[in-house]
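Engineer: Below: sequence and its predicted model.
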Amino acid sequence: MPINLPEDQPGFEGKPSKVEILKASSAGLAGQLAEELADESTDHVSEDSYQLLKFHGSYQQDDRDLRQPRKKQGLDRAWSFMVRTKFPGGRLTAEQYLVADELTSRYANNTLRITTRQDFQFHGVGKANLKPLIRNLNERWITTYGGCGDIARNTLTCPVADLLPGNHFDYQALAKQVSDHFLADSTAYYELWLDGSASWPMDAGSKCNRHARNPSTALHICRASIRSQLACRTLTVSISLPTIWP
């Protein structure tokens, strides 16, 4: 498969960074992530895989307070991972919040952090728990795709704009469209965390099928349709840090 580097694009000046070269040669942000995540002999991933992991919504971290004591003992760092969701416009359902709260007790350090970018963060996630956590989130229609890295991350908007007098523009829908548009065009996320298996029906003419190259977009489009059918049974809430935590 040909590798298209930034320097090959019209108007590009200078040399691509190491990360750009890594991304271009990573087979769509897959790299060696599958192999390294399955390796039970170590609790962290290589530097290259760490850089790619960001685009899947996770950072590799270590406990800084333990760094020096462990070094003096000849021990490696106390590795763990942070996983960040991506809620365009900060919108999620009450069920999704409860699921996230339960998952942080099962797979993380029992804290669920709300960010100023209208997302959730799970901290203290062990390498073996990365896939179960991200898979369980996606099964409840919560994605982490594009939550980190040098990419358009979460798209923010006012969660109560529709309540303003005289306002008739759907900012939540716009935030969703912007988010979907800037997602990386790759199937690696779908293949790595969801085992490449769809959990919703596809037919030849469906929007899911037409967007199959971008599984996260397909997830949003198809499940948005499902949500509209269940609207009468779903309570929607919005994350706005200044509002919730003054």
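Structural biologist: Looks like it arrived, so ask away.

Engineer: can we go C-alpha only for contacts and neighbour counts from here?
Structural biologist: Noted.

Engineer: Look up the closest residue to the residue nearest the centre of the chain, ignoring the ones flanking it.
Structural biologist: When CA atoms, centre = their mean is applied to the chain, the residue found nearest the centroid is residue 144 (1.6 Å). Nearest residue to residue 144 in three dimensions, chain neighbours excluded: residue 85, at 4.2 Å (CA to CA, 6 or more residues apart in numbering).

Engineer: again with residue 23
Structural biologist: residue 29 (6.0 Å).

Engineer: For this structure, which segments count as helices?
Structural biologist: For the chain, the helices defined by DSSP state H occupy 18-24, 33-38, 47-53, 64-72, 94-107, 127-139, 171-181, 188-193, 207-210, 215-229, 241-244.

Engineer: Give me the residues contacting the second one.
Structural biologist: Yep, that's helix 33-38 we're talking about. Contact with helix 33-38 is made by 45, 46, 49, 52, 53, 127, 128, 192, as judged by CA atoms under 8 Å, 6 or more residues apart in numbering.

Engineer: Report the contact partners of the third one.
Structural biologist: So the one you mean is residue 49. 31, 32, 33, 36.

Engineer: Show me which positions of stretch 114-126 end up buried.
Structural biologist: 114, 117, 118, 119, 120, 121, 122, 123, 124, 125, 126 (16 or more other CA atoms under 10 Å).

Engineer: Now the second one, what are its backbone angles?
Structural biologist: For residue 117, the backbone dihedrals (degrees, to the nearest 10) come out as phi -100, psi 20.

Engineer: Please report how far it lies from residue 89.
Structural biologist: 9 Å (CA to CA, to the nearest Å).

Engineer: For residue 180, give me the pLDDT.
Structural biologist: Note on residue 180: pLDDT of 91.

Engineer: What ranges in this structure fall below the confidence cut-off?
Structural biologist: 1-13, 196-246 (pLDDT under 70).

Engineer: hang on, isn't residue 82 packed against residue 62?
Structural biologist: No. Applying CA atoms under 8 Å, one finds residue 82 not in contact with residue 62, separated by 9.9 Å.

Engineer: contacting residues for the residue nearest to residue 23?
Structural biologist: Taking CA under 8 Å, 6+ apart, one finds 23, 52, 55, 186, 188 in contact with residue 29.

Engineer: of all the residues you listed, which comes closest to residue 159?
Structural biologist: residue 55 (25.3 Å; CA to CA).

Engineer: isn't that closest one right up against residue 152?
Structural biologist: No. The pair residue 55 and residue 152 does not pass the contact test of CA under 8 Å, sitting 10.0 Å apart.

Engineer: Between the two, which is the more surrounded one?
Structural biologist: Taking other CA atoms under 10 Å, residue 55 and residue 152 do not tie; residue 55 has more neighbours (25 against 17).

Engineer: got the contact list for that one?
Structural biologist: 29, 145, 146, 147, 148, 149, 150, 151.

Engineer: In CSV: the contacts of residue 29, plus distance to residue 72.
Structural biologist: What follows is those, written out as CSV (distance: CA to CA, whole Å):
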residue, distance to residue 72
23, 36
52, 31
55, 34
186, 43
188, 39
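
Engineer: among those residues, which ones are buried?
Structural biologist: Counted by 16+ other CA under 10 Å, those give 23, 52, 55, 186, 188 as buried.

Engineer: And the second one, how close does it get to residue 86?
Structural biologist: According to CA to CA, residue 52 and residue 86 sit 17 Å apart.

Engineer: Columns distance to residue 165 on top of the helices of the chain, output as CSV?
Structural biologist: Formatted as CSV, these follow (distance: least, CA to CA, whole Å):
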stretch, distance to residue 165
helix 18-24, 46
helix 33-38, 49
helix 47-53, 43
helix 64-72, 49
helix 94-107, 26
helix 127-139, 35
helix 171-181, 14
helix 188-193, 41
helix 207-210, 34
helix 215-229, 25
helix 241-244, 19
